[in-house]
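> Next input, structure requested:
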Amino acid sequence: QVQLVESGGGLVQPGGSLRLSCAASGSIFSISVMAWYRQAPEKKRELVATISSVGSTNYPDSVNGRFTISRDNAKNTVYLQMNSLKPEDTAVYYCSADVRTYRTTTYYPYWGQGTQVTVSA
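Numbers count the residues shown, from 1 in each chain. Model (predicted):
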């Protein structure tokens, strides 16, 4: 089995910064794409950032230039540095990872439990 555990959420004022972490553990052979999503109340889950196994990144326009995704392959961990936060960034943030375990030959998506980020004065 594979577990993803997020940390680093909290309350921050507009213009502030937060750094989220997500550590994957379990019977992991390799991880391909890792990503962050978010879901605000009564809204659909949206993609925030992706990073490939070799470090290629993608962001939607809503966070481009403010958020930075990175990963430590040795630790099976993905990070999200969030700067210049806005009230509209308030949401539950989820990490995901496409994981191949020692028992499979294909990659399957796994999700963390989510961490709350609240941007408010």
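> How many neighbouring residues does Thr57 have?
14 (other CB atoms under 10 Å). Where C-beta positions appear, they are placed from N, C-alpha and C, glycine not excepted.
> now Ser17
11.
> per-residue confidence at the residue lying closest to it once chain neighbours are set aside?
Take Ser17 and drop its neighbours on the chain: the residue closest to it by CB to CB, 6 or more residues apart in numbering is Asn83, 4.7 Å away. On pLDDT, Asn83 comes in at 98.
> Please give me every residue in contact with Asn83.
By CB atoms under 8 Å, 6 or more residues apart in numbering, the residues touching Asn83 are Ser17, Arg66, Phe67, Thr68.
> Just the buried residues of the residues you listed.
Phe67, Thr68 (16 or more other CB atoms under 10 Å).
> would CSV of the contacts of Asn83 with distance to Ala23, pLDDT and secondary structure be doable?
Output for these, formatted as CSV (distance: CB to CB, whole Å; pLDDT from 0 to 100; DSSP: H, G, I helix; E, B strand; the rest coil):
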residue, distance to Ala23, pLDDT, secondary structure
Ser17, 20, 98, coil
Arg66, 24, 98, coil
Phe67, 19, 98, strand
Thr68, 18, 98, strand
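> just the contacts of Asn83 now: which is nearest Ala35?
Phe67 (11.9 Å; CB to CB).
> Correct me if wrong: that closest one contacts Ser84.
No - proximity of Phe67 to Ser84 does not meet the contact threshold set by CB atoms under 8 Å, at 9.1 Å.
> all strands for the chain, in order.
2-7, 10-12, 18-26, 28-39, 46-51, 57-58, 67-72, 77-82, 91-101, 108-111, 115-119 (DSSP state E).
> just how off-centre is the fifth one within its chain?
Spelled out, it's strand 46-51. 7 Å (CA atoms, centre = their mean, to the nearest Å).
> Does Gln13 touch Val119 like I think?
Yes - using CB under 8 Å, Gln13 is in contact with Val119, at 7.3 Å.
> which one of those two has more residues nearby?
Using other CB under 10 Å, the more surrounded residue of Gln13 and Val119 is Val119, with 19 against 10.
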